[in-house]
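>>> next one to model:
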Amino acid sequence: MAETRPAPRRRRKEARPQELTAAALSLFVEKGFAATRLDDIAERAGVSKGTLYLYFDSKDALFKAVIQEGIVPALHAGEVLLDEYDDPLALLRAILLGWWERIGSTELGGIPKLMMSEARNFPDVAVYYQQEVIQRGTALLRKAVARGIERGVFRKVDPEAICSVLIAPLVYRAMWRHSFGPCCGQETDVAQYLHTYFDLVLNGLLAPAPGGDAQ
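Okay, the predicted model is just below:
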């Protein structure tokens, strides 16, 4: 009886663009932007480099597609919350928690680390990320904070400065997951970290009660 051998694994001739961007995201987070080659992405997706070029003509184009498919929808979801919440405190918490759940706690959370480390060497990519992600996210937080100030729920703060203060602890935690985390472990329990974070930043924004001491 002839021995039956499994058929050799063949490279697929076609792939959906989403499979290519998924492979690109994984490698960008794993190896960095500079170290990732188009050959690597094609191999991870199980297609030829020629197939990859049917959809994307450069690594920059792949990066932009990763942002458009992964991060931009998360920002849109946050913008939708502006019409769903009347309570400014609940609104701001939902926006920040939504960022963590959709970006920070996922593979997309490795993108901020990539940008921090490689932006200077890839200015075109950095400018794109600044315009499509940072500016849009900052505008969203600014609107949420301004609403709270206008309604007397939040004390008066600098809207520009507070946006960076609000998002920085979440970005830090996401960056830890993709840097020290894999080799040194988590520094604190994620649930406890988020509880402490929201306790500090949201209570710190609250306006003093009538008759209380002004901050």
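>>> nearest residue to the residue nearest the centre of the chain other than its sequence neighbours?
In the chain, the residue lying closest to the centroid (CA atoms, centre = their mean) is residue 103, at 3.8 Å. Sequence neighbours aside, residue 74 is the residue nearest to residue 103 in space, at 5.3 Å (criterion: CB to CB, 6 or more residues apart in numbering). All C-beta spots, glycine's among them, are computed from the backbone N, C-alpha and C.
>>> quick one: which helix or strand includes the closest residue to residue 102 other than its chain neighbours?
Closest residue to residue 102 apart from its sequence neighbours, by CB to CB, 6+ apart: residue 74 at 3.9 Å. Element membership for residue 74 (DSSP states H and E) is helix 72-80.
>>> which secondary structure elements does whichever helix or strand comes after that helix contact?
For helix 72-80, the following helix or strand on the C-terminal side (DSSP H and E) is helix 88-99. Contacts defined by 3 or more CB pairs under 8 Å, 6 or more residues apart in numbering; DSSP states H and E place helix 88-99 against helix 72-80, helix 135-150, helix 159-177, helix 190-205.
>>> test my guess that the residue nearest to the centre of the chain contacts residue 67.
No: using CB atoms under 8 Å, residue 103 makes no contact with residue 67, being 10.8 Å away.
>>> list the residues that contact both of the two?
residue 111 (CB atoms under 8 Å, 6 or more residues apart in numbering).
>>> for the helix or strand harbouring residue 50, what is the average pLDDT?
Assigned by DSSP H and E, residue 50 falls within helix 49-55. Mean per-residue pLDDT for helix 49-55: 93.
>>> what helices or strands is it leaning on?
Using 3+ CB pairs under 8 Å, 6+ apart: helix 49-55 touches helix 17-31, helix 38-45.
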